[in-house]
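**Student:** mind looking at a prediction? Sequence and model below.
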Amino acid sequence: MKRKERQSEMMVAPCWKAIAAAIICLGSLLGCATAQASGELKFCLRTEPKTFNPLKVEDEASGTIRYLTGGVLVRVNRQSQELEPELAQTWKLSKDGRQISFHLRSGLSFSDGTTFSAEDVAYTVQQLMDPALHSPTGDAFRSGTGNVETKILSPTQISIRFPAPVAGLDRLFDQVAILSGHSPKKEMAVLGPFMVADYKAGSTVLLKRNPNYWKSDEQGRKLPYLDSIRLDIQPNRDVEMLRFKRGELDLINSLDSEYFDKLATTSPQLVHDAGASLDSEQLWFNEVAKSPIPKYKKAWFHSANFRRAISEAINREDLSRVVFHGHAQPAAGPFSPANKFWFNAKLKPQTYSPDGALKALQSDGFRMENGTLKDKDGNEVVFSIITNAGNKYRERMAVLIQEDLQKIGIHVNVVTLDFPSLIERMTQSFDYEAILLGLTNVDLDPNGEMNVWLSSSENHQWNPQQKTPETSWEAEIDRQMRAQASSSDLKKRKEAFDRVQEIVVDQEPFIFLINKNALSAVSTSVHGAAPVILSPQTFWNAERLAVSAK
Amino acid sequence: MAFKNSQEKTLLSAHISVRYADKPVLRAVQLKIQCGEVLGLVGQSGSGKSTLAMAILGLLEKKRTHTEGNIRFQDSELLQLSERELRALRGRAIALVLQSPLSSLNPALKIRTQLKEAWRAHASGTSEECMTAIRACMASVSLPSDDEFLRKYPSQMSVGQAQRVLIAMAVMHRPALLIADEATSALDVITQSEILALFRHLNRSTGMAILYISHDLASVAGICDRIAILHQGEIVECGTTEQIFTNPGHNYTQRLMAAIPRVLSAGANPQRKSEAAAAR
Amino acid sequence: MSLGRKLACAALVLVMSASAAANWLAPAGYSKQYREATNAPPSHTHWLGTDEIGRDRFARVLYGTRISLLLAPAAALLSTLMAAFFGGLAGYLGGAWARTAMAVTDLFLSLPWLFLLIAARALMPLNVSPLISVLVTFLLLGLLGWTTAARVLCTTAASLRTSDFVRQARAAGLTGQRLFWMHVVPNLKPVLYAQFWISIPVFILSEANLGILGLGVAEPMPSWGSLLKELEGLVSVGEEPWKFAPLILLAVVVTSFQLLLSKQEEAA
């Protein structure tokens, strides 16, 4: 998984992982509500699903359908963030990180009645890695050249061997919905709790309960509780909101803070703020040596002291309070505290101190003259921050930063650009000074961010595609990232990535500003909902949701 | 008809052919206008009457039309003149009054502005002199020349008034030749007779020659000394009004005559023509 | 003077003097962020409340008025004059001129403007002051906004060229420039006025939309366009009526101008 610029709403295969096997506390709570409950759950897809083939999922809407219909070997519990067994009862990774063996449940069958066995897993893996299929999900598994070998040991045992070590291999299977190798219904034969019953292009996708779903709750009642899920295709957020208010929809998966507040004033029982999510917003300076910006500006941007001072002069509390109405947290570093395992708990958000920033700058030869900061050669400190037009939160953040930096005599020009122009400047011409953007993090594992942190990578945004690391700290990040990737020892990996986080926070190539909260809305008629920060926030436990008559 | 004392002198003599692209519009048309006479030019629509008028004024588009021959006016050869020289003649020595008075006046300008423009086109002087000239010509067409009237826009006047304003503009510089191109065709009968009377009056009082172009032989009769019949780009017959009416020579003229209600004869009041038409 | 004109006059005087006295009426300025009082309703300190990041809306409306009221009519005038000149002249001259003018306007209309404006933004340095940015934007709008009107004017002028009164005026000895200015231009006036008045609100809104391309007024400077953007996606109209202040102001100013000038036109 990659970190992706968030504008394009199209996430690369959101890493939706397994449903919790048992939420005991909820189970008892649900007991009465769901005894006779069933019903239909209704919510919106924001785009047309591009495919029903789980291996070809690229867009969020198709991802939603995959999550609700696909059966996976293992699943990341969206609440505990732990990996849990699903179709595989147990699994084992080899020491070298190249091989994984699964022990499958027996006696399961697909929605169309076809029996499930290790052959289907082998078929799925073969499809997944088939270059002709161009599976985006499969890309994460491609670690080196050579063939992937599957060995069926018995109908319930299979081992898969990759040509090179794949970091975090087990967790990647969270996104691999198992296909049937025999069913005439092809990908429409599923192992998940629901199956696609009807699809009207541009209008609705109707999912029905999978009668052959294998799970039961603690009382022995077959899952899922719901009879069906109706997914309306509705790109307009205002309409979605309106329909939710009218009770025509049961949930909204990710709300923005303005809608959240509006809804909260009238019906506080409907909204859920699950706290900081994995998404971050950050500012960075152009450190590309060949960029067409004045030399003296390059000197500022290359100075860690300068970057730290800017970071210190930005009031992150105000960003989250004013811009996001409090539904965001000051960011401590590259990983959000919401990432329970990987976040480096030693890191704290930068404290706001314009005086401290000014002092740091003065020690670097900058000085204040009539309210304007000048560098040691007398150049006024002026730079532009570009951000994508149309994103009001980002535009507002930029204006707040503009005023914050004015306090230390730095004049910022805020420029909003259309997204393609921004990307062109960011990745091709490098004709920019600073960029304010957000990244949607869809993976808990730092491996998903190799392409951001390696200095040779294209997405090493402040100075991409370096032949050899241009700074010692970037060389150190490269080393640590490679170390964590090549180890299957979690503790060692954690140590290495903790170190990366510390370096990033110290050098501030990305000035992390805030982590947005995961906001959602759930109707009171939905039972068993427990919104979390990981996607799909509200229906991650869809098999245990129930809807009572309104 | 009266006013024959200067008839011996030729004011304009034309001998021209005009083609639009390859289509001949006027074929070797010969026309003579004597000083002080009223010459009627009668023909159907499309016979080339207006083209002849425009050719005399030098207003045919040079790119699209091809003119051959000569037009002698007073002492100059019109077809040889430069645009600048022509401009100096237009409005001063040769004036034009068009058919539809309301569309021939600029709707966006007050009539005072338009009269002033017409004056300034050929005269220079103080605004008092200009106003004096305007008052004089307004008086000659029996229109008031008070401020209130002059402040009007064409749309605020009657058709008859507008036509008089146009005539006032045309006679302002006492032209030797006035070309009236269907100048009464758009008017109601009463106004028509009034305007015809005005033309007659101007002709007599100033000695101004008039080329009176019309499709309507009957209306021409009451005012013209001589009549020329234009048919398909050729002058088929030309003679005194009496000749034409009593003894039409050309087949086409006979057909034109036949189209006039019988009660009418040469010199008849055009008003009667329409009474007769109504009575039929 | 009719009541309508008096009212229009008073409204314009009020709006103009208020925006001229912005420094004095709103001493805190348009960019000061009252971060403790964001999105506030009107109060004695903030007469029109504050915006999403706590800036005084009244101050922003005053300063925005100053910018938009100076620049939008200027751009409208520029485009109208260009339309009058190119369209009117081409139509009046006719023939090859008219064909050329039509071809040029066709070309103009068929150009991918979004793309060209993006290119225009690319040519501009990133570090331009907000004022220069808004000046450039209105200049661009003025330079680009004339083509549609020019087509209308071209056909109008062409029909004027063959009209009786122009023929009559020619026969009266008028030629060239005098004919053009006296007889053609005055008759294009209604079209020109319409073009001018339509352009003003269109340009004000275009300026706001060009913000998407990094053109237009840059933060923190306000313009009517950027203020009107606040109304985007406003669901609850009734709850925050003061947010409509810029829209009402735009409507009042445009109507007042129209009232005032059209009456003058008639009286002239």
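**Tutor:** Good, I have the coordinates. On a predicted model such as this, the values are computed, not experimentally measured, just so you know. Residues are numbered from 1 along each chain as shown, chains lettered A, B, ... in the order given.

**Student:** remind me which residues of chain C are low pLDDT?
**Tutor:** C:1, C:211-212, C:214, C:233-238, C:262-268 (pLDDT under 70).

**Student:** which residues does the residue located most distally from the centre of it contact?
**Tutor:** The C-alpha centroid of chain C is most remote from C:Ala171, which lies 40.4 Å away (C-alpha atoms, centre = their mean). When contacts are counted by C-beta atoms under 8 Å, 6 or more residues apart in numbering or on different chains, C:Ala171 is found next to B:Leu57, B:Leu59, B:Arg90, B:Gly91, B:Ile94, B:Ala95, B:Leu96, B:Leu98, B:Ile179. Bear in mind the C-beta positions are built from the backbone N, C-alpha and C, glycine included.

**Student:** swap the cut-off to 10 Å and go again
**Tutor:** B:53-54, B:56-59, B:90-91, B:94-98, B:104, B:169-170, B:179, B:181 (C-beta atoms under 10 Å, 6 or more residues apart in numbering or on different chains).

**Student:** likewise for A:Ser336?
**Tutor:** Taking C-beta under 10 Å, 6+ apart, we find A:Ser336 in contact with A:275-280, A:329, A:342-343, A:441, A:512, A:514-516, A:533.

**Student:** now do 6 Å
**Tutor:** Listed by C-beta atoms under 6 Å, 6 or more residues apart in numbering or on different chains, the contact set of A:Ser336 reads A:Ala276, A:Leu278, A:Asn515.

**Student:** surely the first one is within a helix?
**Tutor:** No - in this structure, A:Ala276 is strand, not part of a helix, as judged by DSSP: H, G, I helix; E, B strand; the rest coil.

**Student:** bridging residues for it?
**Tutor:** Note on A:Ala276: beta-bridge partners by DSSP bridges are A:Asn517.

**Student:** do A:Glu149 as well
**Tutor:** Bridge pairing for A:Glu149 - DSSP bridges - gives A:Arg161.

**Student:** same for the longest helix seen in chain A, what does it pack against?
**Tutor:** Scanning chain A for the helix with the most residues, using DSSP state H, yields helix A:490-507. In terms of contacts (3 or more C-beta pairs under 6 Å, 6 or more residues apart in numbering or on different chains; DSSP states H and E), helix A:490-507 is packed against helix A:472-486.

**Student:** give the other helices and strands that the helix it packs on contacts.
**Tutor:** helix A:490-507.

**Student:** pLDDT (mean, whole number) over the helix it packs on?
**Tutor:** Helix A:490-507 shows a mean pLDDT of 94.

**Student:** so what's the gap between stretch A:453-466 and the chain middle?
**Tutor:** Centroid separation for stretch A:453-466 versus its chain: 20 Å, with C-alpha atoms, centre = their mean, to the nearest Å.

**Student:** span of it from start to end?
**Tutor:** Stretch A:453-466 has an end-to-end distance of 11 Å (criterion: C-alpha to C-alpha, to the nearest Å).

**Student:** and that stretch, which residues are buried?
**Tutor:** A:Trp453, A:Leu454, A:Ser455, A:Ser457, A:Asn459, A:His460, A:Gln461, A:Trp462, A:Asn463, A:Pro464, A:Gln466 (16 or more other C-beta atoms under 10 Å in any protein chain shown).

**Student:** what's the distance between the closest residue to C:Ser256 other than its chain neighbours and chain B?
**Tutor:** Excluding the flanking residues, the one nearest C:Ser256 by C-beta to C-beta, 6 or more residues apart in numbering or on different chains is C:Ala8, at 3.8 Å. Distance of C:Ala8 to chain B, computed by C-beta to the nearest C-beta, to the nearest Å: 24 Å.
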